[in-house]
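Asker: From the sequence below, what's the structure:
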Amino acid sequence: MRRSYPEITARGADVVAIGTGDVRYAKAFVADEDIPFLVLVDDDGAAGGAASVKRASWAALMGPASWSATRRVWKEGFRIHKAGKRVTQLGATFVIGPGPTVRYEHQARDSTDHAAVDAVLAALPQPA
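Answerer: Purely as a prediction, here's the structure:
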C-alpha cells in the first residue's frame, strides 16, 4: 500500500495499518519502511478479533509453501520484520466506507499473501 498511497489518497481515501507488535516496533517499522500513513498497534488483539482476522497454524507458517512464498516476496523487495505478539495472526485488508459499508475484504491465506493493489483501487471511487 505504501507504493500506491498517493493514488489511494487522490481518490479521497486513506490507509491505516494495524500491527501486532508493540509501540517501539511500530515506530521502527514506520521509520525503516518509510511508511507515510498511520500505523496503530493492536496490542491485545481486539481489532483483529473484531474483524475476524484469520490465524495460521504453526505447521503452515513453517511449511515449505510458506518458505517458498517468503523467498518470492523477498526477491520482489518486500521484507518481513520482527513478529508481534500474535505470530499466527494473518494479515487482512479492508476498504471501508463511507459509513460502515465494507467495500472490499481480503483475508490472507498465509503470511506472504497480500491484497492486490488493483483490487483495493477498484473498490475506491475514481479520481476526480
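
Asker: Just name the shakiest helix or strand of the protein by mean pLDDT.
Answerer: Lowest on mean pLDDT, DSSP states H and E among the helices and strands of the chain sits helix 58-62, with a mean of 60.

Asker: show me where the chain has helices.
Answerer: With helices called from DSSP state H, the chain shows them at 5-10, 23-33, 46-50, 58-62, 64-75, 117-122.

Asker: For those helices, which has the smallest mean pLDDT value?
Answerer: Among the helices of the chain, helix 58-62 has the lowest mean pLDDT, at a mean of 60.

Asker: Can you check the distance spanned by stretch 26-41, start to finish?
Answerer: For stretch 26-41, the separation between the terminal residues is 7 Å (Cα to Cα, to the nearest Å).

Asker: Now find how far off-centre that stretch is within its chain.
Answerer: 12 Å (Cα atoms, centre = their mean, to the nearest Å).

Asker: In that stretch, which residues are buried?
Answerer: Applying a neighbour-count criterion of 16 or more other Cβ atoms under 10 Å, the buried positions in stretch 26-41 are 26, 29-30, 35, 39, 41. (Glycine included, C-beta is placed from N, CA and C.)

Asker: for stretch 6-25, same thing?
Answerer: 8, 13, 15, 17-21, 25.

Asker: Also stretch 90-108?
Answerer: Buried, per 16+ other Cβ under 10 Å, within stretch 90-108: 90-95, 106, 108.

Asker: Same check on stretch 37-56?
Answerer: So for stretch 37-56, counting by 16+ other Cβ under 10 Å, buried means 39, 41-43, 48, 51, 53, 56.

Asker: Please identify which pair of the buried residues of stretch 90-108 lies farthest apart.
Answerer: Farthest-apart pair in those is 90 and 95; separation 17.8 Å (Cβ to Cβ).

Asker: so who does residue 92 touch?
Answerer: Residue 92 makes contact with 51, 53-54, 105-108 under the criterion Cβ atoms under 8 Å, 6 or more residues apart in numbering.

Asker: Now render those as CSV, adding distance to residue 4 and pLDDT.
Answerer: Below are the contacts of residue 92 laid out as CSV (distance: Cβ to Cβ, whole Å; pLDDT from 0 to 100):
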residue, distance to residue 4, pLDDT
51, 21, 86
53, 21, 86
54, 24, 83
105, 18, 95
106, 14, 94
107, 20, 92
108, 18, 88
